[in-house]
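Student: Dropping a prediction and its sequence here:
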Amino acid sequence: MRNGIVMTEIDVADEMLSSLRNWVEAEVIPHASEFELPDEYPTAMASQMAHFGLFGATISSEFGGLDLDNITYARVIEELSRGWMSLAGIINSHLICAKLISKFGSEEQKLRWLPSMATGELRGCFSLSEPDSGSDAAALRCRAERDGGEWVINGTKMWVTNGEKAGVVALLARVPDGENENSGGITCFIVEKVPGKEGSGGITISRKIDKLGYRGLETVEMSYVDHRVRHDQLLGDDEGIGNGLRWALSALELGRINVAARGVGVAQAAYDAALAYAKEREAFGRPISQHQAIAFKLAEMATKLEAARLLTYEAARKADAGERVDLAAGMAKLFASETASELALDAMRIHGGNGFSTEYPVERYYRDAPLMIIGEGTSEIQKLVISRALLAED
């Protein structure tokens with residue numbers, strides 16, 4: 001209750017989003033390029049996100065999180081991405097890690113990690129991809145072998161977002177096959193590490209991967225050489241042996257809604273920039289928005305943007321209702337990511353030569369958008385997920 005008025009969950013969500021939107025307008029949009037172009041981590045922005053509680057966005061209030069429903073979470077990600085898509089990445093892999101712990105961890109594991117993850121004091125990341133294993137996740141080679149009360153991990157992981165800043169890593173590794181105590185297949189471990197470039201124990205931050213876009217937050221290669229973790233860091237304890245990949249794919253459904261919402265945010269930013277520029281830029285004696293070719297292009301952009309938003313919100317709604325969301329999340333991620341890429345290029349075309357200059361943000365949208373076509377499952381993988389779900393309905 002506030003000033004004698006009962007506040008509903010919708011009121012609270014709208015109030016939080018309004019504050020977030022004001023911050024994005026005042027602090028993110030004007031300054032994003034100052035960090036993005038030199039590939040510098042936005043420490044102050046990340047601290048403000050922690051102040052908003054965003055590191056605990058989907059973590060249960062029981063552990064100090066905001067416990068946001070999926071629709072509100074999608075709106076948060078959309079708003080962050082409208083300002084600068086990399087900000088959404090700072091919390092995405094963190095929350096995938098938290099989702100795994102929340103959904104499949106033991107009570108002791110939840111109490112150990114989730115409260116400090118909710119505040120952002122402890123950062124998490126998700127580590128599945130390897131140099132020779134991307135879309136074919138089941139082909140991963142990183143191994144963990146049992147040694148008494150510990151597991152010894154060896155392998156190399158790629159594309160680890162937040163790998164330096166993280167203090168815990170949701171790591172997928174293969175345990176030895178065979179009829180012995182180590183048998184079980186792909187398993188998830190919650191690996192604790194000291195944040196920073198130096199790594200810890202048997203962990204080495206092998207290199208930082210330079211990227212076309214999605215800059216400002218680190219994406220790294222991580223090597224594990226005889227790194228030891230306690231048995232109680234095996235996610236879900238003994239029940240987790242062999243269930244790691246299935247659990248990870250379940251948690252990635254949150255990631256796909258996140259990426260779809262990012263696509264909507266970038267597409268919105270591209271459309272807003274194109275519309276504003278088309279109204280002010282003149283050619284042949286009138287604003288270019290009054291030329292039919294540009295007006296029709298703006299109409300197409302707005303329609304695709306709205307369709308992407310509706311698909312994303314529908315996937316989030318189904319997740320909130322407890323429904324199966326692989327089909328809806330796959331459709332949303334596929335359409336929204338492709339739409340972001342199309343609208344970023346359309347915005348650049350409308351800007352003409354200025355769109356190719358770093359003085360305007362549309363070149364950043366153009367560089368950021370391809371990541372969403374690839375990350376959390378490529379568009380081709382999404383089509384595979386969608387087609388399998390459709391055929392299974394018959």
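Tutor: That came in fine, so what should we check first?
Student: where does the protein have low pLDDT?
Tutor: Across the chain, the ranges flagged by pLDDT under 70 are 1-12, 178-184, 393-394.
Student: which residues in it form strands?
Tutor: 124-127, 143-147, 150-161, 168-175, 185-192, 203-208, 219-230, 282-283, 286-287 (DSSP state E).
Student: Could you please name the strands the first one pairs with and the direction of each pair?
Tutor: Meaning strand 124-127. Each strand paired with strand 124-127, and its direction, by DSSP bridges: strand 168-175 (parallel).
Student: The strand it pairs with vs strand 185-192, what angle?
Tutor: Going by axes from the mean of the first three to the mean of the last three C-alpha atoms, to 10 degrees, strand 168-175 is angled at 150 degrees with respect to strand 185-192.
Student: Let me know the angle separating strand 168-175 from strand 219-230.
Tutor: Counting by the same axes, to 10 degrees, strand 168-175 points 70 degrees away from the direction of strand 219-230.
Student: Could the C-alpha coordinates of strand 168-175 be exported in PDB?
Tutor: Included here for strand 168-175 are C-alpha records, laid out as PDB according to Å, rounded to 0.1, in the frame of the first residue of the first chain:
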ATOM      1  CA  VAL A 168      30.100 -19.000 -10.200                       C
ATOM      2  CA  VAL A 169      29.900 -20.900 -13.500                       C
ATOM      3  CA  ALA A 170      27.200 -23.300 -14.500                       C
ATOM      4  CA  LEU A 171      29.500 -25.600 -16.400                       C
ATOM      5  CA  LEU A 172      28.400 -28.600 -18.500                       C
ATOM      6  CA  ALA A 173      30.900 -31.500 -18.600                       C
ATOM      7  CA  ARG A 174      30.800 -35.100 -19.600                       C
ATOM      8  CA  VAL A 175      31.400 -37.700 -16.900                       C
END
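Student: Could you tell me the angle between that strand and strand 150-161?
Tutor: 120 degrees.
Student: now strand 168-175 against strand 203-208, angle please.
Tutor: In terms of direction (the same axes, to 10 degrees), strand 168-175 departs from strand 203-208 by 100 degrees.
Student: For stretch 19-28, what is the distance to the chain centroid?
Tutor: A distance of 20 Å separates the C-alpha centroid of stretch 19-28 from that of its chain, computed with C-alpha atoms, centre = their mean, to the nearest Å.
Student: Flag every buried residue along it.
Tutor: Residues of stretch 19-28 classed as buried by neighbour count (16 or more other C-beta atoms under 10 Å): 20, 23-24, 28. All C-beta atoms are positioned from the backbone trio N, CA, C, and that covers glycine.
Student: Stretch 222-239 now?
Tutor: Here stretch 222-239 shows 222-224, 227-229, 233-236 as buried, counting by 16+ other C-beta under 10 Å.
Student: nearest to residue 364, of these?
Tutor: Nearest to residue 364 out of these is residue 222 (C-beta to C-beta; 27.1 Å).
Student: Please name the bridge partners of the closest one.
Tutor: Bridge pairing for residue 222 - DSSP bridges - gives residue 157, residue 205.
Student: just to revisit the earlier point, can I get the buried residues of stretch 222-239 in TSV with distance to residue 109?
Tutor: Formatted as TSV, the buried residues of stretch 222-239 follow (distance: C-beta to C-beta, whole Å):
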residue	distance to residue 109
222	21
223	25
224	20
227	19
228	18
229	12
233	8
234	9
235	7
236	8
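Student: about what we covered before: among the strands of the chain, which comes closest to residue 267?
Tutor: Judging the strands of the chain by C-beta to C-beta, what sits closest to residue 267 is strand 150-161, at 21.3 Å.
Student: related to what we said a few turns ago, can you say which two of the buried residues of stretch 222-239 are spatially most distant?
Tutor: Using C-beta to C-beta, the pair of these lying farthest apart is 223 and 236, separated by 25.6 Å.
Student: which residues touch residue 50?
Tutor: Contacts of residue 50 were listed using C-beta atoms under 8 Å, 6 or more residues apart in numbering, and they are 119-120.
Student: Residue 331 and residue 259: what is the separation?
Tutor: Here the criterion is C-beta to C-beta, to the nearest Å. By it, residue 331 lies 12 Å from residue 259.
Student: So for those two, which residue has more residues nearby?
Tutor: residue 259 (33 against 23; other C-beta atoms under 10 Å).
Student: I'd guessed that one sits against residue 338; true?
Tutor: No - between residue 259 and residue 338 there is no contact under C-beta atoms under 8 Å: 11.5 Å.
Student: for the buried residues of stretch 19-28, which one is nearest residue 251?
Tutor: The closest of the buried residues of stretch 19-28 to residue 251 turns out to be residue 20 (C-beta to C-beta; 24.1 Å).
Student: Once you drop chain neighbours, what's closest to the closest one?
Tutor: What sits nearest to residue 20 in space, not counting adjacent residues and going by C-beta to C-beta, 6 or more residues apart in numbering, is residue 79, at 5.3 Å.
Student: do residue 371 as well
Tutor: Take residue 371 and drop its neighbours on the chain: the residue closest to it by C-beta to C-beta, 6+ apart is residue 214, 4.5 Å away.
Student: and the one you found, how many residues sit next to it?
Tutor: Residue 214: 23 surrounding residues under other C-beta under 10 Å.
Student: The protein - how does it break down into domains?
Tutor: 9-119, 124-242, 246-392 (automatic domain parsing).
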